[in-house]
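Chemist: let me see the structure of the following:
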Amino acid sequence: MEIQEYFRILWKRGWIIILLAAITAISAYGFSKMQMKEYKGSITLQFRPARADWGLQNAAKGLLPSYREFITNDKTATQVIDRLRLDMSKDSLLAKVSTSADEATFGIQIEARDHYTKTASDIARTFAEVFKEQQDTWNQKQDKRDQVHVYMWNEPRVSLSKPRTKINTLAGGIFGLMLGVVIVFFLEWLESDIVRTAEDVERHVGVAVLGSIPVITSEEVAPVRARRKRRWAFLKSFK
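Modeler: As a prediction, the model looks like this:
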C-alpha cells in the first residue's frame with residue numbers, strides 16, 4: 001500500500017482516531033481524579049564498616065539482603081505500630097512498606113505509602129529508627145573492628161505516589177490513538193472489495209475511467225412518470 005493510500009484513509013476516517021483518543025484520555029483523567037491520593041515517604045539508611053577493609057566491606061555488602069529482611073520483619077513492624085499507635089495489623093503495615101538496596105552506595109531505601117503525608121513520613125522514619133537501634137545493639141556484641149554502623153542519610157521525603165493524572169491521561173490518549181488506527185484500518189479492510197466511485201474503479205483496475213452511467217434520482221424520475229400518466233390518460237380519452 002502506497003503512502004498516498006494511507007493519507008487517503010486517515011483523511012477519510014481520521015475523525016474516528018481523534019474521537020477515540022479524546023474519549024480514552026478524558027476517561028483516564030476522570031478515573032485518576034476519582035482515585036484517593038496516596039503519598040510515599042522515603043528515607044535512606046547508609047551503612048559504614050568500622051574499618052576500610054576490603055573483606056569487611058564485601059561481607060557487609062553481602063548482608064544487605066538480610067538487613068532488608070530485618071527492616072520488614074514482624075518484630076520491627078510490631079514496634080513501629082506500638083510507637084506510632086497505629087490502628088492496623090502487622091500484615092497491613094508491612095503491605096505499605098517496601099525496601100530496596102544499592103550496593104554501589106552501600107545503602108537501603110525504605111518507602112512507606114499512606115493516604116496521609118504525615119503518616120507516610122512517620123512510618124518510614126520509625127522503621128529506620130527501630131532498625132538502627134537493633135543494629136546498634138548488635139554492634140555492642142561485636143569487636144569494634146567488625147562493627148557495621150548505620151546512619152539515617154536524610155529526613156523522610158514525601159511525594160505523591162498516585163494517582164499520576166498527567167501520565168494516566170497521556171497513556172489513555174495514546175491507547176485511544178492506537179485503538180483508533182486499528183479500527184480505521186479494520187473498517188477499510190472490510191470495505192476493500194466494495195466499489196462505490198470512479199476512484200475506487202481506477203484503484204482496483206489500474207486504468208483510467210472514461211465515462212460512467214449517471215445515477216437517476218427519484219426526483220428526476222417523478223416528472224417522467226407524470227408525463228407518461230398524462231399521455232396515457234389522453235390516449236384513453238379517444239377510446
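
Chemist: all contacts plus neighbour counts: C-alpha atoms, from now on.
Modeler: Will do.

Chemist: give me the distance from the longest helix along the chain to the chain's centre.
Modeler: Taking DSSP state H as the assignment, the helix of the chain that covers the most residues is helix 3-34. Distance, stretch centre to chain centre, for helix 3-34: 18 Å (C-alpha atoms, centre = their mean, to the nearest Å).

Chemist: helices or strands up against that helix?
Modeler: The helices and strands touching helix 3-34, judged by 3 or more C-alpha pairs under 8 Å, 6 or more residues apart in numbering; DSSP states H and E, are helix 165-190.

Chemist: compute the inter-axis angle for the helix it packs on and helix 3-34.
Modeler: Taking axes from the mean of the first three to the mean of the last three C-alpha atoms, to 10 degrees, one finds helix 165-190 and helix 3-34 inclined to each other by 140 degrees.

Chemist: show me which residues of helix 165-190 are buried.
Modeler: Judged by neighbour count using 16 or more other C-alpha atoms under 10 Å, the buried positions of helix 165-190 are 165, 168-177, 179-181, 183-184.

Chemist: how about the residues you listed, which pair is most distant?
Modeler: T165 and V184 (28.2 Å; C-alpha to C-alpha).

Chemist: Q109: how many residues sit nearby?
Modeler: 19 (other C-alpha atoms under 10 Å).

Chemist: oh, that last question was meant for S121, not what I typed.
Modeler: The local packing count at S121 equals 24, with neighbours defined by other C-alpha under 10 Å.

Chemist: where in the chain is the helix or strand with the lowest mean pLDDT?
Modeler: helix 198-205 (a mean of 60; mean pLDDT, DSSP states H and E).

Chemist: how does the protein divide into domains?
Modeler: For the chain, whose domains are defined here by automatic domain parsing, the residue ranges read 15-34+165-190, 38-162, 198-236.

Chemist: compile these into TSV and extend it with columns for distance to F7.
Modeler: Compiled in TSV, the domains of the chain are given as follows (distance: least, C-alpha to C-alpha, whole Å):
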stretch	distance to F7
domain 15-34+165-190	12
domain 38-162	39
domain 198-236	15
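
Chemist: where among those is average confidence lowest?
Modeler: Across those, the stretch with the lowest average pLDDT is domain 198-236; it has a mean of 61.

Chemist: quick one, longest strand in this structure?
Modeler: Of all the segments of type strand in the chain, defined by DSSP state E, the longest one is strand 38-49.

Chemist: that older thread, now, which of the buried residues of helix 165-190 sits nearest I26?
Modeler: Taking the buried residues of helix 165-190 together and measuring to I26 by C-alpha to C-alpha, the closest member is T169, at 7.0 Å.

Chemist: enumerate every residue touching K162.
Modeler: Residues counted as contacts of K162 (C-alpha atoms under 8 Å, 6 or more residues apart in numbering) are 37-39.

Chemist: make it 6 Å
Modeler: When contacts are counted by C-alpha atoms under 6 Å, 6 or more residues apart in numbering, K162 is found next to 37-38.

Chemist: what bridges to it?
Modeler: Note on K162: beta-bridge partners by DSSP bridges are E38.

Chemist: quick one: S92 and K40, what's the gap?
Modeler: With distances taken as C-alpha to C-alpha, to the nearest Å, S92 is found 16 Å from K40.

Chemist: more neighbours: which of those two?
Modeler: K40 (25 against 11).

Chemist: so the more buried one sits against S161, correct?
Modeler: Yes. At 5.5 Å, K40 counts as touching S161 under the criterion of C-alpha atoms under 6 Å.
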